[in-house]
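Novice: Let me see the structure of the following:
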Amino acid sequence: MLVKICGLMKKEDVTTAVESGADYIGFVFADSKRRISYSHAANISSHIPDYVKKVGVFVNPSIDEVNEAVAVAKLDFIQLHGDESPEFCSKMPKPVIKAFSISEQTDIENMKQYQVAHILADAPGADYRGGSGHTFDWSMIKNSPQEVILAGGLTPENVSEAIRETAPLGVDVSSGVETNGQKDDKKITAFIRQAKGSC
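Specialist: Okay, here's the model as predicted:
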């Protein structure tokens, strides 16, 4: 079970995620209360081992923006959370995680157009794309033709149930491991333990 901890902004939180067994570490470069600069992402993740992959999260970026982020932050994956086309995804300098907000069956059908490293199924955003803390109807992805990384409203309390219901390739969390808008080390550790223990 792949586990991605997203929206990290502090070195100590990156360390907790890595030491607890996270596979992917996500840095938000799109408009968000969790947005950080490419250089800050590089600084807080310079110590992590190579087997933990660094993911940059973007919404409708330019290719130049992505290339700069990859160079500065030493990214391993590009997560695209906007309206990026399959053609745009194919031009990325690193493997792509393409995120989809799931609210109706056509969203599932749209996934089939994309030949990317991973598909991420998320709940529709609130103020920003993703990171809303809301879940969606998990039954919608049970018959997805592709393996997905499940996101949207996951917490240490519900991630085991989510995995049992959807059998995803992985899970992704941001707000679900926060307390008062800040990453909570105990919640990060508990989330990873629950997710890894469910497979």
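
Novice: what helix or strand does Glu161 sit in?
Specialist: helix 159-166 (DSSP states H and E).

Novice: going on from that helix, what's the next piece of helix or strand?
Specialist: strand 170-173.

Novice: Determine how far that next one lies from the middle of the whole chain.
Specialist: Mean C-alpha position of strand 170-173 versus that of the full chain (CA atoms, centre = their mean, to the nearest Å) differs by 6 Å.

Novice: and it, what other elements does it pack with?
Specialist: Packing partners of strand 170-173 (3 or more CB pairs under 8 Å, 6 or more residues apart in numbering; DSSP states H and E): strand 2-5, strand 24-28, strand 118-122, strand 148-150, helix 159-166. For the C-beta atoms, the positions are set from N, CA and C on the backbone; glycine is no exception.

Novice: about what we covered before: can you dump the C-alpha atoms of the helix holding Glu161 in PDB for me?
Specialist: Extracted C-alpha coordinates of helix 159-166, given in PDB (Å, rounded to 0.1, in the frame of the first residue of the first chain):
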ATOM      1  CA  VAL A 159      -8.400   5.000   6.100                       C
ATOM      2  CA  SER A 160      -8.600   1.200   6.900                       C
ATOM      3  CA  GLU A 161     -12.300   1.200   5.900                       C
ATOM      4  CA  ALA A 162     -11.500   3.100   2.700                       C
ATOM      5  CA  ILE A 163      -8.900   0.600   1.700                       C
ATOM      6  CA  ARG A 164     -11.200  -2.300   2.400                       C
ATOM      7  CA  GLU A 165     -13.900  -0.800   0.300                       C
ATOM      8  CA  THR A 166     -11.900   0.300  -2.700                       C
END
